[in-house]
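Undergrad: starting from these lines, generate the structure:
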Amino acid sequence: MKTSILYDTGKYLARASLPSETTPPKAILELAHDRTWRSFDGSEHKEHVQDLVWIGYHTFAFKNDLTRSVRIIPDEYIVRLDDLDNQIENLGRERQHLIDEAWRRAKPLHKADLEEAIKTV
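TA: Here you go, the predicted structure:
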């Protein structure tokens with residue numbers, strides 16, 4: 001998994017990919033343009049849309065051809081983040097396997113089990 005950028009969602013930092021990479025979500029560039037639309041009352045509206053980068057449902061505007069909310073990750077961090085992500089993914093699979101095995105070996109819950117637990121509280 002190679003992701004080359006970080007973006008600020010307002011609550012946390014998330015990883016994304018440049019358009020040339022395969023890992024979603026990808027950063028998509030929308031170049032500046034004029035947009036025209038007609039409202040329900042029939043009136044026509046025009047607006048200028050500045051250069052934007054879209055990542056999922058997040059948009060970030062460029063000012064002087066840069067945006068501070070999206071950043072390129074140095075290569076050494078990409079490798080380290082990928083290693084950690086792979087370890088986390090492997091631990092998640094291992095955890096799910098253990099949960100599935102515990103479910104197969106577990107006994108059904110009886111009402112008496114809960115009653116006994118309540119008595120000991």
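Undergrad: list the buried residues in the helix or strand harbouring Leu91.
TA: Following DSSP states H and E, one finds Leu91 within helix 75-105. Judged by neighbour count (16 or more other C-beta atoms under 10 Å), helix 75-105 contains these buried residues: 78, 81. From N, CA and C alone the C-beta is placed, and that goes for glycine too.
Undergrad: packing partners of it?
TA: Helices and strands touching helix 75-105, as assessed by 3 or more C-beta pairs under 8 Å, 6 or more residues apart in numbering; DSSP states H and E, are absent.
Undergrad: starting at the chain centroid, how far to that helix?
TA: Helix 75-105 sits 17 Å away from the centroid of its parent chain (C-alpha atoms, centre = their mean, to the nearest Å).
Undergrad: buried set for the helix or strand just after it?
TA: Remark: after helix 75-105, the chain's next helix or strand is helix 111-119, criterion DSSP H and E. Buried residues in helix 111-119, counting neighbours by 16+ other C-beta under 10 Å, are absent.
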